[in-house]
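**Q** got a predicted structure plus its sequence, pasted below:
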Amino acid sequence: MTRMKMKTKEVETPRAAPRRTRAHKDAPAPAASTEAPRERVQKVLARMGLASRRTIEEWIVQGRVAINDRPARLGDRVGPGDRIKVDGKLLAWRPGREIPRVLLYHKPEGEIVSREDPEGRPSVFDRLPALRKGRWIAVGRLDFNTSGLLIFTDDGELANRLMHPRYELEREYAVRIIGELTPQQIEELTGGITLEDGPARFESLVDAGGEGTNHWYHVIIKEGRNREVRRMFEALGFTVSRLIRVRYGPVALPPRLKRGMWMELPPESVVQTFGLTPSETKRTNPRAGKIPRPRTTPRPSTTHRSKR
């Protein structure tokens, strides 16, 4: 008998498929990172009120700024745990934006908007309260013979936003001139005239009345050029005998704020007035909820004027 050989085929046993795991519906979601975003060092220092962003960039080039004991470079960013020094002095800073402090000041005539003056004239900064850190930054300027609203803040970024030409914030002035404009002259001033530094125009010019030779007008401009309002009237042969700034952007001069007095806006008003969102700010300010009231600071003597 022929013995037949049977071939057996090995059958591979299928492997069990890996079990799919499903997260429990009550399992907590991964925690979101709470680390503060890193920011450019010049932006952080400007926000602290040390100087403008452009000036701080010059400091960086000059080697005056250090991050973690090494010279800072343009474009460097800082975050939690980083140590910043300016001229070798360690700065106390916290990541994230704090609510800026904002003062409204009714500048009288006869004060300059500068900390230093070779002639020793009174300065608006003499009237302001002292800051524990940083410095007060004036938003725009008013010349020596102009009175009215001045805004101060300790936040360089906010000051830059309020002054930068691209935002075109309105400045409103009450102007008293000797004489009265004709309809044609009003059309010239609102249509545009040429000054030595370029064209200029009023966005609005409203007759506010007057008696005798003095006549009042309310004008609005969107620029902050030196003595622009005065020069526009002088270009048509008129003398400005009184000039008062009554509004800057969203802020009007409060009626109860008398000349030489200042008032501080509450934090919630700062956020609302200047369009800051809660995500941009992080400080709970002890001044919250307090109603601002006008105050005055005694002017230091001319022989020992405090520098702030």
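**A** Thanks, I have the structure now.
**Q** list the contacts for residue 105?
**A** 124, 127, 128, 149, 150, 151, 152, 261, 262 (CB atoms under 8 Å, 6 or more residues apart in numbering). C-beta: built from backbone N, CA, C; applies to glycine.
**Q** what is the burial count for the first one?
**A** Residue 124 sits with 22 neighbouring residues when counted by other CB atoms under 10 Å.
**Q** isn't it up against residue 137?
**A** No - in terms of CB atoms under 8 Å, residue 124 does not count as a neighbour of residue 137; the distance is 11.9 Å.
**Q** the residue nearest to residue 104 when sequence neighbours are not counted sits in which helix or strand?
**A** Nearest residue to residue 104, sequence neighbours excluded (CB to CB, 6 or more residues apart in numbering): residue 263, at 5.3 Å. Using DSSP states H and E, residue 263 maps to strand 262-264.
**Q** next one: residue 55
**A** Going by DSSP H and E, residue 55 is in helix 53-62.
**Q** the helix or strand that that helix is followed by: partners in the sheet, and parallel or antiparallel?
**A** With elements assigned by DSSP H and E, the helix or strand that comes after helix 53-62 is strand 65-67. Here strand 65-67 is paired, per DSSP bridges, with strand 70-71 (antiparallel), strand 84-86 (antiparallel).
**Q** hey, which of the ones you listed is tucked in deepest?
**A** Sort the strands paired with strand 65-67 by mean neighbour count, taking mean count of other CB atoms under 10 Å, and strand 84-86 sits at the top with a mean of 18.
**Q** tell me the contacts of the residue most central in space within the chain?
**A** Taking CA atoms, centre = their mean as the criterion, residue 158 is the residue nearest the geometric centre of the chain, at 1.6 Å. Going by CB under 8 Å, 6+ apart, residue 158 touches 100, 102, 274.
**Q** if we go to 7 Å?
**A** By CB atoms under 7 Å, 6 or more residues apart in numbering, residue 158 lies in contact with 100, 274.
**Q** assumed it was part of a helix.
**A** Yes - under DSSP: H, G, I helix; E, B strand; the rest coil, residue 158 falls within a helix.
**Q** okay, it: pLDDT?
**A** We have a pLDDT of 88 for residue 158.
**Q** just residue 227 next, same as before
**A** Reported pLDDT for residue 227: 93.
**Q** how about the nearest residue to it, chain neighbours excluded?
**A** residue 143 (5.7 Å).
**Q** confidence score at the one you found?
**A** Looking at residue 143, its pLDDT stands at 93.
**Q** what's around the closest residue to residue 207 other than its chain neighbours, how many residues?
**A** Nearest non-adjacent residue to residue 207, counting by CB to CB, 6+ apart: residue 217, 6.1 Å away. Residue 217 has 24 neighbouring residues, counting by other CB under 10 Å.
**Q** residue 111 contacts residue 128, correct?
**A** No - between residue 111 and residue 128 there is no contact under CB atoms under 7 Å: 11.5 Å.
**Q** okay, these two: which has more neighbours?
**A** Between residue 111 and residue 128, counted using other CB under 10 Å, residue 111 has the larger neighbour count: 25 against 19.
**Q** list the contacts for that one?
**A** 122, 123, 124.
**Q** quick check, nearest of those residues to residue 238?
**A** residue 124 (27.4 Å; CB to CB).
**Q** for the closest one, give its distance to residue 158.
**A** According to CB to CB, to the nearest Å, residue 124 and residue 158 sit 18 Å apart.
**Q** again, but for residue 247
**A** Taken as CB to CB, the span from residue 247 to residue 158 is 18 Å.
**Q** what of residue 132?
**A** According to CB to CB, residue 132 and residue 158 sit 18 Å apart.
**Q** and the helices in the protein?
**A** 41-47, 53-62, 156-163, 183-191, 228-235, 267-273 (DSSP state H).
**Q** which outside residues touch the first one?
**A** It refers to helix 41-47. The contact list for helix 41-47, computed with CB under 7 Å, 6+ apart, reads 52-53, 56-57, 60, 65, 67, 72, 76-78, 84, 93, 97, 155-157.
**Q** and it, which residues are buried?
**A** 41, 42, 43, 44, 45, 46, 47 (16 or more other CB atoms under 10 Å).
**Q** gap between the two ends of stretch 248-256?
**A** Taking CA to CA, to the nearest Å, the first and last residues of stretch 248-256 lie 17 Å apart.
**Q** tell me which residues in that stretch are buried?
**A** 248, 249, 251, 253.
**Q** which residues does the first one contact?
**A** Looking back up the chat, that one is residue 248. Residue 248 neighbours (CB under 7 Å, 6+ apart): 139, 140, 149, 151, 169, 171.
**Q** gap between it and residue 118?
**A** Taken as CB to CB, the span from residue 248 to residue 118 is 28 Å.
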